[in-house]
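>>> Okay, sequence plus prediction incoming.
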Amino acid sequence: MRHTLISIALIVIHSFFFSPQTASAIETGPHIGKLAPNFELQNLIGKKVNLSEFRGKVVLLNFWATWCTTCTAELPALEKLHSAFEDQGFLVLTVSLDGRPDPVRAFLKKKGLSLIVLMDTEKEASFDLYAVMALPVSFLIDRDGLIVEKYLGERDWNSGEIKKRISDLLRNQGRKP
């Protein structure tokens, strides 16, 4: 019985990750050098926010969830990065995939974080527009709204390399040819 359950689980996992639909979603996700897909989501107090409202700023768009330990581990570093460049036109915009805002509010309060959080309870932005298949994932978007980097997994957001990349973008020198 145990082997049967394990076999079924492996088939389901394989079918999800290697299905034509999944491959199609990965291929149709946003690409570096392309305009970041716009979306409208609610923040933690219910106000609707559009990504396009931040055109003119360099944005690090981070998808995460409270149940994702690597996601929550990197949030303090993301807040520190936001604070370091905020006065120069940089913004960290986080999108939570949690089903409700209450656990997100509680988590932020417990950790003393003040990041901007939008709620993607229906997974419209994360799955439909950005083809997010694992967390955390982040997109670095330049002042013109173009995706210039995609970061899969946890990062050291205060590394010299990332800070230089953001500084270059803030000076409009960060686009790759």
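Looks like it arrived, so ask away.
>>> make it CA atoms for all contacts and neighbour counts henceforth
Will do.
>>> For the protein, which segments count as helices?
For the chain, helices defined by DSSP state H occupy the ranges 2-17, 20-28, 69-85, 101-111, 160-170.
>>> Show me how the chain divides into domains.
1-30, 32-170 (automatic domain parsing).
>>> Show me where this protein dips below the pLDDT cut-off.
The model of the chain has pLDDT under 70 over residues 1-29, 173-177.
>>> What number of neighbouring residues does residue 114 come out with?
12 (other C-alpha atoms under 10 Å).
>>> Tell me if I'm right that it and residue 79 touch.
Yes. With contact defined as C-alpha atoms under 8 Å, residue 114 counts as touching residue 79 (7.4 Å).
>>> How far away from the center of its chain is stretch 48-64?
Stretch 48-64 sits 10 Å away from the centroid of its parent chain (C-alpha atoms, centre = their mean, to the nearest Å).
>>> Residue 80 versus residue 156, what's the distance?
According to C-alpha to C-alpha, to the nearest Å, residue 156 and residue 80 sit 11 Å apart.
>>> which one of these two has more residues nearby?
residue 80 (16 against 12).
>>> mind listing what the residue lying closest to that one once chain neighbours are set aside touches?
Spatial nearest neighbour of residue 80, chain neighbours left out: residue 158 (7.7 Å); criterion: C-alpha to C-alpha, 6 or more residues apart in numbering. Counting by C-alpha atoms under 8 Å, 6 or more residues apart in numbering, residue 158 makes contact with 77, 78, 80, 81.
>>> so can I have a markdown table of the residues you listed showing distance to residue 66?
Below are the contacts of residue 158 laid out as a markdown table (distance: C-alpha to C-alpha, whole Å):
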| residue | distance to residue 66 |
| --- | --- |
| 77 | 16 |
| 78 | 15 |
| 80 | 19 |
| 81 | 20 |
